[in-house]
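Novice: predicted coordinates and the sequence they were generated for:
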Amino acid sequence: MVATNANNLVYERPEGFTDTPTHYCPGCTHGVAHRLIAEVLEEMDLIDRTIGVAPVGCSVFAYNYFDTDFVEAPHGRAPAMATGIKRVLPDRIVFTYQGDGDLASIGMGEIVHAAARGENLTVIFINNANYGMTGGQMAPTTLPGMKTTSSPNGRDVETQGFPIRMAEMLSTLDGVGYCVRRSLHDPKNIRLAKKAIRTAFETQARGLGFSMVELLSTCPTNWGMTPVDSLKFVEQHMVPAFPLGDYKVAAGVAQIKI
Amino acid sequence: MPAKGWIEVSDTYCKGCELCISACPQEVMELDMTRLTPKGYHPAHTFKDGCTGCAICALVCPDAAITVYREITKAVPTPVGA
Ligand SMILES: Cc1ncc(C[n+]2csc(CCOP(=O)(O)OP(=O)(O)O)c2C)c(N)n1
Ligand code: SF4
Ligand code: SF4
Ligand code: SF4
Ligand SMILES: [Mg+2]
């Protein structure tokens, strides 16, 4: 074996992370989303001037894992808190990290109005089709027929409504600069997700308005599947219900070369 | 000849989730059933030659547990007139 030195290095844990191991369940792709954000902040040299806003949900402890400043928002209120921080400190990069219960349920009002106001923020939205933290209850993003602890017979759209497609919905608002959906279920899609996260932070760095990346993510524990099978579930069931794509790329954002 | 690489898996971060194992294109990874991490997981490792240093395992790892290295093969310059 060749001596190990910096020249041989292909990949190492990003500097955007602290040394703290995460509390996420094994194989949960919250961790992949975290890693991509940390890599992008390192590559853009933004670690020292970024402020994250953590949600309520499994990612409630996100502030322990990123080597940036962080605040903790009440449930669903991260976009409101981020608005205040960004307006007072416009030279900082401010991002929220929110689950689908946090963003699309209790925090629906905050996210819609932050987007409508065109707040110059970045939102990383983790769609795992349930409330992971509290034991796998139905979320606004739960698939029709999907069993959760609060829809034990499967989500019945007659009485419980249809899944909400946040990326599509927010893309109709004029304040939005960049709004896309990506997935974390395989290497190719993880690379595309990272590029989108980079584009979202570039959008904010250039003052081009509200940016959001929705990421299809797994919850192996509450879905009752292995981590590997959970990735297949995302590919086979979530991607058809939540199509991947660019829902809004404002003219200025389309010019960004990465 | 494909590039030769190798990986290190951190016992601090690995949770034995097997995502790297199923993603490795060379199929050289498995859980090490002879070892436990301090958290009580069987960590991933490479069990045979063939790692190319492609870093796909690191790309899918939710815990940033994998460091990837690749052997540097410098092309030997062909002597003039050879
Ligand atoms: C005001 C308030 N209401 C309800 C809760 C209970 N609660 C905690 S996390 C959560 C949902 C989290 O789901 P999601 O945002 O999808 O995050 P995930 O855990 O799936 O990543 C709820 C309802 C709370 N903590 N605070
Ligand atoms: S409960 Fe689900 S979303 Fe939360 S850490 Fe575990 S697998 Fe991830
Ligand atoms: S670097 Fe590539 S070949 Fe080597 S173990 Fe990782 S995925 Fe497999
Ligand atoms: S993907 Fe990461 S955490 Fe999961 S088994 Fe491989 S090294 Fe361990
Ligand atoms: Mg959720």
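Specialist: Yep, it's here. Numbering: from 1, shown residues only, chains lettered A, B, ... in the order given. Ligands and ions are numbered 1, 2, ... in the order given.
Novice: surely A:V60 touches A:A54?
Specialist: Yes. Counting by CB atoms under 8 Å, A:A54 is a contact partner of A:V60 at 6.1 Å. Where you see a C-beta, it was placed from the backbone N, CA and C, and this is true even at glycine.
Novice: tell me if the helix ranked longest in chain A is near ligand 4.
Specialist: The helix spanning the most residues in chain A, taking DSSP state H as the definition, is helix A:187-205. No. Helix A:187-205 stays clear of ligand 4 (CB under 6 Å from any ligand atom), getting no nearer than 11.9 Å.
Novice: how many neighbours does residue 37 have?
Specialist: All of this is about chain A. 29 (other CB atoms under 10 Å in any protein chain shown).
Novice: oops, I was thinking of chain B
Specialist: The number of residues packed near B:T37 is 19, by other CB under 10 Å.
Novice: so where does it fall, helix or strand?
Specialist: Element membership of B:T37 [criterion: DSSP states H and E] is none; it lies in no helix or strand.
Novice: B:E30 against B:K48, yeah?
Specialist: No. Counting by CB under 8 Å, B:E30 stays clear of B:K48, with 9.1 Å between them.
Novice: so between the two, which is more surrounded?
Specialist: Here B:E30 and B:K48 are set side by side on neighbour count (other CB under 10 Å), and the busier one is B:E30, at 16 against 10.
Novice: neighbour count winner among A:V60 and A:A54?
Specialist: Legend: neighbour count by other CB under 10 Å for A:V60 and A:A54, higher for A:A54 (23 against 18).
Novice: once you drop chain neighbours, what's closest to the more buried one?
Specialist: Setting aside the residues directly before and after it, A:A54 is nearest to A:A62 in space (CB to CB, 6 or more residues apart in numbering or on different chains), at 4.3 Å.
Novice: quick one on the thing from earlier: and for A:V60 and A:A54, which residues touch both?
Specialist: Between them, A:V60 and A:A54 have A:E72 as joint contacts when contacts are counted by CB atoms under 8 Å, 6 or more residues apart in numbering or on different chains.
Novice: count the neighbours of the spatially closest residue to B:L19 that is not a sequence neighbour for me.
Specialist: Nearest in space to B:L19, with sequence neighbours left out and distances taken as CB to CB, 6+ apart, is B:V60 at 4.8 Å. Around B:V60 there are 26 other residues, counting by other CB under 10 Å.
Novice: what of A:T159?
Specialist: A:T159 sits with 7 neighbouring residues when counted by other CB under 10 Å.
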